[in-house]
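[1] Got a sequence here, can you build the structure:
(chains A and B)
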Amino acid sequence: KAGVTQTPRYLIKTRGQQVTLSCSPISGHRSVSWYQQTPGQGLQFLFEYFSETQRNKGNFPGRFSGRQFSNSRSEMNVSTLELGDSALYLCASGPQGRAQETQYFGPGTRLLVL
Amino acid sequence: QQPVQSPQAVILREGEDAVINCSSSKALYSVHWYRQKHGEAPVFLMILLKGGEQKGHEKISASFNEKKQQSSLYLTASQLSYSGTYFCGTANTGNQFYFGTGTSLTVIP
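    Residues are numbered from 1 along each chain as shown, chains lettered A, B, ... in the order given. The predicted structure is shown next:
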């Protein structure tokens, strides 16, 4: 099976702009989770989608949003970018997203906000 | 919510052993361990479910003490390829998943 794919891999934006990141899970996986990774904060959970519904949400401002399509592909949107949004954004997929399942990570999208 | 890992960093010589601890303030259903090499995505190592089980493969094993809400990762006879940052991930019954603070492990010849 193909692994989790994320596009784009690298992105440079300026403050105030918005950005959309895409994640395609492993075939058959219905759960997609998003994480933000920065040197100072480590891996922070953003949200999880399952069957097109946001099932869990981390502690991030409303500028961070996402959605999931019927084919389980997911997008994450960040509006009004701030310098502090510069990070590696990782998505992970799982069959059902249950606590006893393994999550498989994509290669990430590295976002730089200038 | 974020589990705390200790130590934050460790340097080993090839062949030495290491223990990485993960502690949560919340009741846990499962603990997941990942290793991330610089510039790469985290790679799954193992998952432990509540019940105090211990799992392992090759020279890496882990334990999970549900009552203490703690897990430990054991690396024996370390190899250069073990270098990286190790993260524990904890999940409660609500499927909310949180990664630990990370432990940087460096194995030197």
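[2] So which residues of chain A form helices?
    Assigned helices in chain A: none (criterion: DSSP state H).
[3] Find the centremost residue of chain A, please.
    Nearest to the centroid of the C-alpha atoms of chain A, with distances taken as CA atoms, centre = their mean, sits residue A:34, at 3.1 Å.
[4] So which bits of chain A are right by chain B?
    A:33, A:35, A:42-45, A:48, A:55-56, A:90, A:97-108 (CB under 8 Å from any CB of the partner chain). Glycine gets a C-beta too; all of them are placed from N, C-alpha and C.
[5] for chain B, what helix or strand is lowest in average pLDDT?
    strand B:54-57 (a mean of 64; mean pLDDT, DSSP states H and E).
[6] could you say what helices and strands the helix or strand just after that strand packs with?
    For strand B:54-57, the succeeding helix or strand toward the C-terminus, using DSSP states H and E, is strand B:60-65. Here strand B:60-65 touches strand B:30-36, strand B:43-49, strand B:54-57, strand B:70-75, going by 3 or more CB pairs under 8 Å, 6 or more residues apart in numbering or on different chains; DSSP states H and E.
[7] Quick check: closest non-adjacent residue to residue B:31.
    Once flanking residues are discounted, residue B:31 sits nearest to residue B:71: 4.1 Å by CB to CB, 6 or more residues apart in numbering or on different chains.
[8] Please tell me how far that neighbour sits from residue A:35.
    19 Å (CB to CB, to the nearest Å).
[9] now swap in residue A:57 and tell me
    13 Å.
[10] quick one, which of those two is more surrounded?
    It is residue A:35, of residue A:57 and residue A:35, that has more neighbours when counted by other CB atoms under 10 Å in any protein chain shown, with 26 against 14.
[11] Point out where the chain drops to low pLDDT.
    Answering for chain A, as no chain was given. Along chain A, segments meeting pLDDT under 70 span A:1.
[12] To clarify, I was referring to chain B.
    B:51-57, B:93-95.
[13] and residue A:80, how many neighbours does it have?
    Neighbours of residue A:80 (other CB under 10 Å): 11.
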